[in-house]
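>>> Pasting the sequence and the predicted model now:
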Amino acid sequence: MSLRIIVFAKQVPDTTEVKVDPVKGTLIRDGVKSIMNPEDKNALEAALQLKDKYGAKVSVITMGPPSAEAILRESYAMGADEAVLITDPLYAGADTWVTSMILARAAQMIGFDLILTGRQAIDGDTAQVGIEIAEHLKIPVIAYAVDLKLEGERVIVTRELDNTYEVITTKLPCLITCTKELNKPRYMRIANIFGCFDKPITIFNNSVLNFDKNEVGLVGSPTKVRRTFTKGPKGEGVTFNGTPEEAAEMIISKLRAEKLINL
């Protein structure tokens with residue numbers, strides 16, 4: 001079997017340094033250290049394991065500014081075969097729906113049997129993009145994978161739910177979103193590190209993907225951010241010493257004072 005696997009990876013800011021533009025409601029990335037989204041790295045590792053077993057071709061695609069090339073070089077160093085950077089000023093500020101639409105078109109142009117993504121990105125935490133890509137492509141999607149196997153043209157996925165696990169089987173082509181429990185990503189290989197900067201990165205801009213300018217970017221995004229704010233610290237708690245009956249009466253009196261109950 002020779003598989004064509006696409007891994008969608010995202011360059012994200014270090015979560016300890018996230019800043020938000022209070023006007024646009026978008027992340028400020030300038031001057032902030034960036035990394036490959038952790039669960040996208042789990043998706044890449046899953047693809048590389050399938051490559052080791054079945055001889056797959058692994059293509060890594062990212063969408064972002066030119067600096068996002070860094071995670072594509074890292075993907076090459078881990079063992080990817082092809083890297084594509086989707087970048088165009090028209091795409092700036094795209095929400096999850098527009099982003100997934102752009103990524104889906106890129107996938108159609110490259111061709112695939114299997115698409116792997118991380119469950120969610122640590123900057124937005126929406127867990128929407130992978131599922132929306134599958135919707136645009138009209139292919140099955142299995143989310144929250146913690147185990148992944150192939151049997152011929154079938155994929156068998158164990159996925160994690162709130163308090164149980166579920167095993168789902170579907171046919172290729174399909175899309176799977178991967179969790180950190182799926183595997184432990186490999187380190188970059190020394191030989192690949194030396195060669196990764198000589199490998200080509202294909203650029204897809206809007207002249208290649210051919211969207212109307214009103215379909216993409218901030219202007220084309222249906223999601224509108226009403227307000228952004230930095231969550232403040234929780235208020236200091238109150239310690240009460242007394243009997244259980246006295247504590248209950250104290251709590252009730254405070255709830256009455258806040259007009260939260262009417263007893």
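Alright, I've got the coordinates. Numbers count the residues shown, from 1 in each chain.

>>> Can you show me the helices along the protein?
Assigned by DSSP state H, the helices in the chain fall at 38-54, 69-78, 96-110, 129-137, 190-195, 206-209, 217-220, 244-257.

>>> quick one, which of those helices is nearest to K171?
In terms of C-beta to C-beta, the element of the helices of the chain nearest to K171 is helix 129-137, at 13.6 Å. The way it works is simple: take the backbone N, C-alpha and C, and place the C-beta from them, glycine included.

>>> Can you list the buried residues in the closest one?
Going by neighbour count (16 or more other C-beta atoms under 10 Å), the buried part of helix 129-137 is 129-137.

>>> what's the answer for stretch 72-84, then?
Buried residues in stretch 72-84 (16+ other C-beta under 10 Å): 72-84.

>>> Reformat the residues you listed as CSV; add pLDDT and distance to S59.
Formatted as CSV, the buried residues of stretch 72-84 follow (pLDDT from 0 to 100; distance: C-beta to C-beta, whole Å):
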residue, pLDDT, distance to S59
L72, 96, 10
R73, 95, 15
E74, 95, 15
S75, 96, 9
Y76, 96, 11
A77, 95, 15
M78, 95, 13
G79, 94, 12
A80, 96, 7
D81, 96, 7
E82, 97, 4
A83, 97, 7
V84, 97, 7
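
>>> Could you export those residues as JSON lines, including distance to K41?
Listed next are the buried residues of stretch 72-84 as JSON lines, based on distance: C-beta to C-beta, whole Å:
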{"residue": "L72", "distance to K41": "13"}
{"residue": "R73", "distance to K41": "14"}
{"residue": "E74", "distance to K41": "9"}
{"residue": "S75", "distance to K41": "9"}
{"residue": "Y76", "distance to K41": "14"}
{"residue": "A77", "distance to K41": "12"}
{"residue": "M78", "distance to K41": "8"}
{"residue": "G79", "distance to K41": "12"}
{"residue": "A80", "distance to K41": "11"}
{"residue": "D81", "distance to K41": "17"}
{"residue": "E82", "distance to K41": "17"}
{"residue": "A83", "distance to K41": "15"}
{"residue": "V84", "distance to K41": "17"}
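
>>> quick one: low-confidence ranges for the chain?
Applying pLDDT under 70 to the chain flags the ranges 1, 15-32, 227-234, 263.

>>> on that earlier part again, possible to save the buried residues of helix 129-137 as JSON lines with distance to K259?
Converted to JSON lines, those look like this (distance: C-beta to C-beta, whole Å):
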{"residue": "V129", "distance to K259": "42"}
{"residue": "G130", "distance to K259": "44"}
{"residue": "I131", "distance to K259": "41"}
{"residue": "E132", "distance to K259": "42"}
{"residue": "I133", "distance to K259": "47"}
{"residue": "A134", "distance to K259": "47"}
{"residue": "E135", "distance to K259": "44"}
{"residue": "H136", "distance to K259": "48"}
{"residue": "L137", "distance to K259": "51"}
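
>>> which one among the residues you listed gets closest to N192?
Distances from N192 to these, taken as C-beta to C-beta, are shortest for G130 (26.2 Å).

>>> Could you pull up the contacting residues of the closest one?
8, 100, 115, 117-119, 141, 143, 175, 177 (C-beta atoms under 8 Å, 6 or more residues apart in numbering).

>>> so which of the residues you listed is the most crowded?
Counting neighbours by other C-beta atoms under 10 Å, the top entry in these is T117, with 32 neighbours.

>>> check contacts around it.
The contact partners of T117, taken as C-beta under 8 Å, 6+ apart, are 7-8, 40, 43, 129-130, 133, 175-178.

>>> with these in mind, which one is nearest to V225?
Nearest to V225 among these, counting by C-beta to C-beta, is V129 at 16.8 Å.
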